[in-house]
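J.: turn this into a model:
(2 chains)
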Amino acid sequence: MEAEAAKYIGAGIACLGMGGAGIGLGHIFGNYLAGALRNPSAADGQFGRLIFGFAVTEAMGIFSLLIALLALFG
Amino acid sequence: MPISAGAASALADRIEEASERRDGVKQVAAADKVDPIHQFHINPIFPIHVGGYDVSFTNSSLFMVVVVVLTGAFLYFSTAGRALVPSRLQSISEMSYEFVASMLRDAAGTHGMKFFPFVFSLFMFVMVANLLGLFPYFFTVTSHIIVTFALAMLVIGTVVVYGFAKHGFGFLKLFVPSGVPVALMPLVVLIEVVSFLSRPVSLSIRLFANMLAGHITLKVFAGFVVSLGAMGAVGMAGAVLPLAMVVMLTALEVLVAALQAYVFAVLTCMYLADALHPSH
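T.: A predicted model of the protein is given here:
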């Protein structure tokens, strides 16, 4: 296989990790919404934790995007 | 079929003309080739060399100075009036003070307030650097891992030094959670040590990778606009789509810039809380 082709395939495989981050973010926001609808008065107090969980989970997807970008341009 | 000499030379001229045109198209395409990495290049402004080391004043240093001067000047001049009923600018600085202070109090308790200047400076530096980097042609300081790693090591270094200075070897209780069965203890301690060691790495890579990936994505979509626009009228019409995407991505990046500064500050508060109260 040519090195150039392997680079593009590797970048594509690295992007699969972003799917995992997507699933995780869906869980976070879905569960937050479910909890918020059960007890709306407690929802505002948990907004900081929601954003914190979002950022920590999103970082995993960003890491795999970073690997893909490094494979493409690095 | 025999071709007359005149027709043959005319054909040769046409071929030459076509190949010239193609070369012209190629050159235009080469000029339009977009390099999304170019924005991260570090260029020296004043070259300085000390003892074989390159300590030049670069565009990165320039933007760090700009960030510090902007933040400092804003906080100084907005609070210079010291009005009892704050003006708009004064309430912005009061709100940012109160925001960081409540974040630190929630995570580390009132004892943690001795670290307030540290956390507040980190938060303001990271946020202003992230937001300033969103302007076109501006350099994003936090998109380089060495900058974010230095900030993360500053945090972890503070935690380790303060933890050992305050608690002595009691600081090592951080790695020994209470209420764990003795049989599981070696495994749990190992996990705690590894998780502590990965903190500076994840703290720095999170900020750096978010900034890097966001800016590259913006420039890749901006590159689509350029290359579609070079294709004539149909391309121009199609270029509206990536242009709209760039606008939406810019809005998302403003959110990410503020959010990552917040996350960096929250994690700093949590790590400092570990230094203040190691036994958990």
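J.: how about the residues of the stretch 101-250 of chain B by chain A?
T.: B:S202, B:I205, B:R206, B:A209, B:N210, B:L212, B:A213, B:I216 (CB under 8 Å from any CB of the partner chain). Quick note: C-beta positions are derived from backbone N, CA and C, even for glycine.
J.: how does it look with 10 Å?
T.: B:102-103, B:106, B:202-203, B:205-214, B:216-217, B:220 (CB under 10 Å from any CB of the partner chain).
J.: what about chain A, any weak spots by pLDDT?
T.: Filtered on pLDDT under 70, chain A yields no residues whatsoever.
J.: can I get stretch B:214-232 in PDB? Just the C-alpha atoms.
T.: C-alpha atoms of stretch B:214-232 as PDB (Å, rounded to 0.1, in the frame of the first residue of the first chain):
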ATOM      1  CA  GLY B 214     -11.600  24.200  16.100                       C
ATOM      2  CA  HIS B 215      -9.300  26.600  14.200                       C
ATOM      3  CA  ILE B 216      -8.300  23.900  11.600                       C
ATOM      4  CA  THR B 217     -12.000  23.100  11.000                       C
ATOM      5  CA  LEU B 218     -12.800  26.800  10.500                       C
ATOM      6  CA  LYS B 219      -9.900  27.100   8.000                       C
ATOM      7  CA  VAL B 220     -10.800  23.900   6.100                       C
ATOM      8  CA  PHE B 221     -14.400  25.200   5.600                       C
ATOM      9  CA  ALA B 222     -13.100  28.600   4.600                       C
ATOM     10  CA  GLY B 223     -10.800  26.800   2.100                       C
ATOM     11  CA  PHE B 224     -14.000  25.200   0.600                       C
ATOM     12  CA  VAL B 225     -15.400  28.700   0.000                       C
ATOM     13  CA  VAL B 226     -12.200  29.700  -1.800                       C
ATOM     14  CA  SER B 227     -11.900  26.700  -4.000                       C
ATOM     15  CA  LEU B 228     -15.600  26.700  -4.900                       C
ATOM     16  CA  GLY B 229     -15.600  30.400  -5.600                       C
ATOM     17  CA  ALA B 230     -12.800  29.800  -8.200                       C
ATOM     18  CA  MET B 231     -15.100  27.600 -10.200                       C
ATOM     19  CA  GLY B 232     -17.200  30.300 -11.700                       C
END
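J.: I'd like the average pLDDT over that stretch.
T.: Stretch B:214-232 shows a mean pLDDT of 88.
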